[in-house]
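K.L.:
with the input below, show me the fold.
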Amino acid sequence: MFTEQKNYIHNITGLKMNALLKLKEKTSQKKFICVGLDTDTKKIPQFLLKYEDPVFEFNKIIIDNTKEHASSYKLNFAFYENLGEKGLAALAKTVEYIGSGVLVIGDAKRGDIGNTSEMYAKAVFERFNFDAITVHPYMGRDSVKPFMNFEDKLVFILALTSNPGAQDFEKLKLENGSYLYQQVIRQVNEWNEKKNCGIVFGATQLEELKGNIESFMDLPVLLPGVGAQGGSFEDVCKAFKASGKTNFMVNISRGLIYLSQTEDFGELANREIIKFNSQAKEIFE
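P.N.:
Numbering: from 1, shown residues only. Below is the predicted model of the structure:
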């Protein structure tokens, strides 16, 4: 068992494609839903627990029912790391199963001194073969640069997040009159020389989204917070429509993957993501 799990982690292969082009291909088709595979064994249908790897079995069914309609997938490392070796094997198998045609984001929120960030970047991009990662900018450019050195990948930098604690630091006012999150956006635009940077901006922060969307320039945007956290997919789409931008993804996890505790959970996820796509097309037509 141990050897088999290690092999899954070490033997992920796939055609290298530019992450930004993957995203643009999907968003040009008005596919804006990022499927959040934050898979919790306490929340998945319990009949799946009979499988040797219930997390992967659950993910596989969700992927089969959403891949045609998704802009991307996002896997939060915490939900896999907490299961130890077996969880990392499920993470690796899931990335491999999704394949090379859809953007896959490692939601790891990394960021440390340069040589440590370099190891984090290698782990996420080379070992696990993710197309993109989430990082925080708190320690400055040298902590983010090792991720940006992977020119074919995307680095989504936290700007204004969807959680209530965003008030604690991200909305602090600076001496120049702007907020800290606005300074982050300006800085990320400066860092985006290789066109492989993006930002994370909470869908729950609708007024701030409307007020700052022009400052995003051509940065791709990952927006968590729709569904359980109270954000509105329709409102986000309308904000981007008004700005003439389509380079965004709205992450939905609980509101998409946990719609049933019976064998129809995949079918219900399929219906729900199709509904979101139809809503987006109506707004953008």
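K.L.:
from here on, contacts and neighbour counts on C-alpha atoms
P.N.:
Fine.
K.L.:
residue with max distance from the center of the chain?
P.N.:
residue 175 (32.2 Å; C-alpha atoms, centre = their mean).
K.L.:
next up, phi/psi of that residue, please.
P.N.:
phi -60, psi -30 (degrees, to the nearest 10).
K.L.:
residues contacting residue 253?
P.N.:
Residue 253 makes contact with 35, 36, 37, 38, according to C-alpha atoms under 8 Å, 6 or more residues apart in numbering.
K.L.:
now residue 216: closest residue in space, sequence neighbours ignored.
P.N.:
residue 185 (6.7 Å; C-alpha to C-alpha, 6 or more residues apart in numbering).
K.L.:
what is the neighbour count of the one you found?
P.N.:
24 (other C-alpha atoms under 10 Å).
K.L.:
thought residue 218 was touching it, still the case?
P.N.:
No. Using C-alpha atoms under 8 Å, residue 185 is not in contact with residue 218, being 11.4 Å away.
K.L.:
let's see stretch 54-64 as PDB, backbone CA atoms only.
P.N.:
Extracted in PDB, the C-alpha atoms of stretch 54-64 (Å, rounded to 0.1, in the frame of the first residue of the first chain):
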ATOM      1  CA  PRO A  54     -13.300   7.200  -0.800                       C
ATOM      2  CA  VAL A  55     -11.900  10.700  -1.400                       C
ATOM      3  CA  PHE A  56     -10.700   9.800  -4.800                       C
ATOM      4  CA  GLU A  57     -13.900   7.900  -5.700                       C
ATOM      5  CA  PHE A  58     -16.000  10.900  -4.700                       C
ATOM      6  CA  ASN A  59     -13.700  13.300  -6.700                       C
ATOM      7  CA  LYS A  60     -13.800  11.100  -9.700                       C
ATOM      8  CA  ILE A  61     -17.600  11.100  -9.800                       C
ATOM      9  CA  ILE A  62     -17.800  14.900  -9.400                       C
ATOM     10  CA  ILE A  63     -15.200  15.300 -12.200                       C
ATOM     11  CA  ASP A  64     -17.000  13.000 -14.500                       C
END
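K.L.:
rounded mean pLDDT for that stretch, please.
P.N.:
Across stretch 54-64, pLDDT averages out at 98.
K.L.:
gap between it and the chain center?
P.N.:
The chain centroid and the centroid of stretch 54-64 are separated by 17 Å under C-alpha atoms, centre = their mean, to the nearest Å.
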